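A.B. asks: For reference, the sequence and a predicted model appear below.
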Amino acid sequence: MPVDRDQCLARADGRATRSANRHSLNCLEPAVTHDPYCQKTIRTLAATLGLNPETAMTSDTPPDALISALQSAMPIAPGPIILGHDPVGLVIVDEVNGFATVGAGNLAPPIHDDAVARMVSETDVLARAFTERTWKILAFLDTHEPGKAEPPYPPHCERGTGEEDLVPDLSWLETDANTTLIRKDCINGFIGAIQTDGTNSVVDWVRANRLSTLLVVGICTDICVMDFVLTLLSARNHDLMPGLRDVVIHIPGCSTYDLPRATARELGLPETLAHPAAATGYMGLYFMASRGAILTNAITLT
């Protein structure tokens, strides 16, 4: 069935980066990949990403080559930042047992993960520095009612299991006077903060503390962190929080999970669930920065 050329361009362009987390472009619909014009478009996009244009629709690309291609095609520019001259708050996204403690649940790391450990350590250092200065902290805790699904994910962080609680190194935040805890039942913390009366706990927190900058850390970079940040930026631009100016992402304080395509295949999972951490994490950072977030890899607090 012929495919409209504008439709092909929209599909191919919109999925080029998404397909990178499968190391190829073969996740495009058959109607697209078999149309001659679309094949030409896909080859052009593959070349832009640094992939082999002749094999991009059918073959795997080594992860290192993929990251190099992404960095070349979609560069990011993190740098050092100084915070504290204006009111700043720390937002911690979902650093709970179910996502960050080894073996704690369906979505927890099965073995030690250096990136997750670094994230928790960076978060702990930052949180202690914030509370010593009596600066405000907000922590999201992914929490689901037992038996209530969150497609497409398996059961996780159900209330009463302990998965929904902060990891041990951050459990001190539960009684910290400067910390606000928000339990959320969906990926996007900004949406999860909407109350039954229509108010939003994030908006209220930012306004009440007259914050001009938010520093964000957490897991997963390209899922819960990114969804929250993108919505937050739109809410800022819509003047829901008139004093909020900057949203900063601390890269060492973020992480995501790793599920290579080959591993998904070996587990009998659809290959479309492949999620190589380096590529997806990078893409999450790129999309947040492209919407106006500031990326940093070194923080100085005044």
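C.D. replies: Sure thing, it's come through.
A.B. asks: was I right about Phe228 contacting Phe190?
C.D. replies: Yes - counting by C-beta atoms under 8 Å, Phe228 touches Phe190, with 5.4 Å between them. Quick note: C-beta positions are derived from backbone N, CA and C, even for glycine.
A.B. asks: For this protein, which helix extends over the most residues?
C.D. replies: Once the chain is assigned using DSSP state H, the helix that runs over the most residues is helix 114-132.
A.B. asks: related to what we said a few turns ago, which one's more surrounded, Phe228 and Phe190?
C.D. replies: Phe228 (28 against 23; other C-beta atoms under 10 Å).
A.B. asks: Spatially nearest residue to the more buried one, not counting backbone neighbours?
C.D. replies: Nearest in space to Phe228, with sequence neighbours left out and distances taken as C-beta to C-beta, 6 or more residues apart in numbering, is Gly189 at 4.3 Å.
A.B. asks: How about the contacts made by the one you found?
C.D. replies: 93-94, 140, 182, 202, 224, 227-228 (C-beta atoms under 8 Å, 6 or more residues apart in numbering).
A.B. asks: can you pull out the helices in the stretch 151-300 of the chain?
C.D. replies: With helices called from DSSP state H, counting those that start in this stretch, the stretch 151-300 of the chain shows them at 189-192, 201-208, 226-237, 261-266, 277-290.
A.B. asks: Turn these into a markdown table, including mean pLDDT.
C.D. replies: Conversion of the helices of the stretch 151-300 of the chain to a markdown table gives the following (pLDDT from 0 to 100):
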| stretch | mean pLDDT |
| --- | --- |
| helix 189-192 | 98 |
| helix 201-208 | 98 |
| helix 226-237 | 98 |
| helix 261-266 | 90 |
| helix 277-290 | 97 |
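A.B. asks: Quick one, which of those gets closest to Ala69.
C.D. replies: Evaluated over the helices of the stretch 151-300 of the chain, closeness to Ala69 peaks at helix 277-290, with 9.5 Å, by C-beta to C-beta.
A.B. asks: picking that back up, contact partners of the longest helix of the chain?
C.D. replies: Surrounding helix 114-132, the residues in contact under the criterion C-beta under 8 Å, 6+ apart are 90, 92, 95, 100, 109, 136-137, 167, 169-170, 173, 176-179, 215, 217-219, 250, 252-256, 277, 299, 301.
A.B. asks: ChimeraX command for the buried members of those?
C.D. replies: To isolate the buried ones among the contacts of helix 114-132 in ChimeraX, judged by 16 or more other C-beta atoms under 10 Å, type:
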select :90,92,95,100,109,136,137,167,169,170,173,176,178,179,215,217,218,219,250,252,253,254,255,256,277,299
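A.B. asks: Select from the contacts of helix 114-132 every entry located in strands.
C.D. replies: Secondary structure assignment by DSSP state E places 90, 92, 137, 179, 215, 217-219, 250, 252-255, 299, 301 of the contacts of helix 114-132 in strands.
A.B. asks: Closest one to Gly105 out of those, please.
C.D. replies: Nearest to Gly105 among the ones in strands among the contacts of helix 114-132, with distances taken as C-beta to C-beta, is Ile219, at 13.1 Å.
A.B. asks: mind checking the backbone torsions on the residue nearest to Asn97 when sequence neighbours are not counted?
C.D. replies: Nearest residue to Asn97 in three dimensions, chain neighbours excluded: Ala104, at 4.1 Å (C-beta to C-beta, 6+ apart). Its backbone dihedrals place Ala104 at phi -80, psi -10, with angles given as degrees, to the nearest 10.
A.B. asks: Spit out the contact partners of Ala104.
C.D. replies: Contact analysis of Ala104 by C-beta under 8 Å, 6+ apart lists 97-98, 162-163.
A.B. asks: can you rerun that using 6 Å?
C.D. replies: 97-98, 163 (C-beta atoms under 6 Å, 6 or more residues apart in numbering).
A.B. asks: remind me which residues of this structure are low pLDDT?
C.D. replies: Scanning the chain for pLDDT under 70 picks out the ranges 1-63.
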